[in-house]
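Asker: Curious how this folds, go ahead:
(one chain, ligands or ions: 1)
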Amino acid sequence: MDKPKALLVAGISAELKGMLAEVVELVPLNKQGDANQFLADQGADFELVVTSAGKGCANALMEQLPNLKVIFNWGVGYDQVDVEFATSRSVQVTNTPDVLNECVADMAIGMLISQARCMGEAERFVRRGEWLSNPTPPMGQKVSGKRLGIVGLGRIGLETAKRAEAFSMQIRYHNRHPREDVDYAYEASIVELAKWSDYLLLLCPSTPETYQMIDREVLQALGPQSSLINIARGAVVDQKALVDLLLSGELGGAALDVFEREPEVPEALMDLPNVLLLPHVGSATFETRTAMAQLVVDNVKAYIESGSLVTPVN
Ligand code: 8YV
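Answerer: Below you'll find the model as predicted:
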């Protein structure tokens, strides 16, 4: 039997490409010359789209695929897919939850400690050869026992809180609603949570409701002695306010794995020693990316074999 065609609309790992090629005929959109012409001619041939969390699938593209049935999203975040629009066209969406919880939580704690203890700046100090003539490397802030505010206590948030407990950190959180199953103190106001926190960690999804939820007021409430850690999405933060307050010293520091318009990073942040900058690598370990790839393939196989999905979003 012929393998079904799947339209690949984003950059994905060679590993995932290889795994998918066993079950589908993968057609990369960016290799088809004029994409609009290609879609006009052959868009109706595709029931399946494979994409990444960063790229998603635009509404205009869905409209060019009249027989589209499923969008397979390589990533847990699906903010680049308009799920409501997809649902209105009877298009299902899948993502890759849970398999990345541990690695993202590891990274969140790693970013927190790295920023607090100036690891990046200290490392640059060694590489620049400054240690040879300067016996005083950069000094940081203590982590153990400090106050951690978590915005978005979901599956990754719980893994992160567990790790933070091992550092005797005090933990409070903000969600849309308090959780019944945790003892951490709930804070309904993000501004109040920011005022209380030494470290404010963002782990919430990017949605129209959370767009720039971490605004100037929240960042000012966090203040000059405290730091923001963002491993969620750039859109959750008012990036202009963030840059302004870091430059003026009204915010103590930041550890950022995500940005408003990746891969663009505000030039003004490049020279700030109290800011850790990472290229969206929260889930980027060999083990986790393989597990994410496997989950994409499991979804594709389940759909082809029985029309069902392992991790549907809608
Ligand atoms: C991406 C992510 O999935 O899972 C997410 O939501 O942001 C990342 O893990 C990864 O870059 C592959 O698309």
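Asker: and Ala40, what helix or strand is that in?
Answerer: helix 35-42 (DSSP states H and E).
Asker: ok, the closest residue to the ligand within the stretch 1-150 of the chain - contacts?
Answerer: Across the stretch 1-150 of the chain, the shortest distance to the ligand (CB to the nearest ligand atom) belongs to Gly75, at 2.3 Å. Every C-beta, even on glycine, is put in place using the N, C-alpha and C of the backbone. If you count contacts by CB atoms under 8 Å, 6 or more residues apart in numbering, Gly75 has them with Ser52, Ala53, Gly54, Asn95, Thr96, Ser283, Met292.
Asker: so Pro66 makes contact with Gly43?
Answerer: Yes: with contact defined as CB atoms under 8 Å, Pro66 counts as touching Gly43 (6.7 Å).
Asker: And the two? Which one has more around it.
Answerer: Using other CB atoms under 10 Å, the more surrounded residue of Pro66 and Gly43 is Gly43, with 18 against 11.
Asker: Using CSV, list the CA coordinates for stretch 285-295.
Answerer: What follows is stretch 285-295 as a C-alpha-only set of coordinates in CSV (Å, rounded to 0.1, in the frame of the first residue of the first chain):
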residue,chain,number,x,y,z
THR,A,285,18.5,17.0,24.9
PHE,A,286,19.1,14.0,22.7
GLU,A,287,16.9,11.8,24.9
THR,A,288,13.9,14.2,25.0
ARG,A,289,14.0,15.2,21.4
THR,A,290,14.0,11.5,20.5
ALA,A,291,11.0,11.0,22.8
MET,A,292,9.2,14.0,21.2
ALA,A,293,9.9,12.6,17.8
GLN,A,294,8.6,9.2,18.8
LEU,A,295,5.4,10.7,20.1
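Asker: which residue lies farthest from the center of this protein?
Answerer: Within the chain, the residue lying farthest from the chain centre (CA atoms, centre = their mean) is Ser133, at 40.0 Å.
Asker: rewinding a little: could I get the buried residue list for the helix holding Ala40?
Answerer: Using 16 or more other CB atoms under 10 Å as the test for burial, helix 35-42 gives Phe38, Leu39.
Asker: what's the offset of it from the middle of its chain?
Answerer: Its chain's average C-alpha position is 31 Å from that of helix 35-42, according to CA atoms, centre = their mean, to the nearest Å.
Asker: likewise stretch 181-197?
Answerer: 22 Å.
Asker: got a list of contacts for it?
Answerer: Contacts for stretch 181-197 (CB under 8 Å, 6+ apart): 147-151, 153, 158, 161, 171-175, 178-179, 200, 213-214, 217-219, 221-223, 226.
Asker: again with stretch 280-287
Answerer: Stretch 280-287 is touched from outside by 54, 75-76, 100, 103-104, 107-108, 231, 257-259, 262-263, 289, 292, with contacts defined as CB under 8 Å, 6+ apart.
Asker: Equivalent analysis for stretch 258-278, please.
Answerer: 54, 111, 114-115, 118-121, 138, 227, 230-235, 237, 239, 243, 246-247, 252-257, 279-280, 282.
Asker: Just want the most central residue of the protein.
Answerer: Central residue of the chain (CA atoms, centre = their mean): Ala232, at 4.2 Å.
Asker: residue contacts, that one?
Answerer: Applying CB under 8 Å, 6+ apart to Ala232 gives the contacts Val151, Gly152, Leu202, Leu203, Cys204, Pro205, Ser206, Val258.
Asker: Before we move on, what's the pLDDT of it?
Answerer: On the pLDDT scale, Ala232 is placed at 98.
Asker: and if you look at Asp2?
Answerer: Asp2 is assigned a pLDDT of 89 by the prediction.
Asker: The one 4 residues further on now?
Answerer: Among the per-residue scores, Ala6 shows a pLDDT of 98.
Asker: What is the three-state secondary structure of it?
Answerer: strand (DSSP: H, G, I helix; E, B strand; the rest coil).
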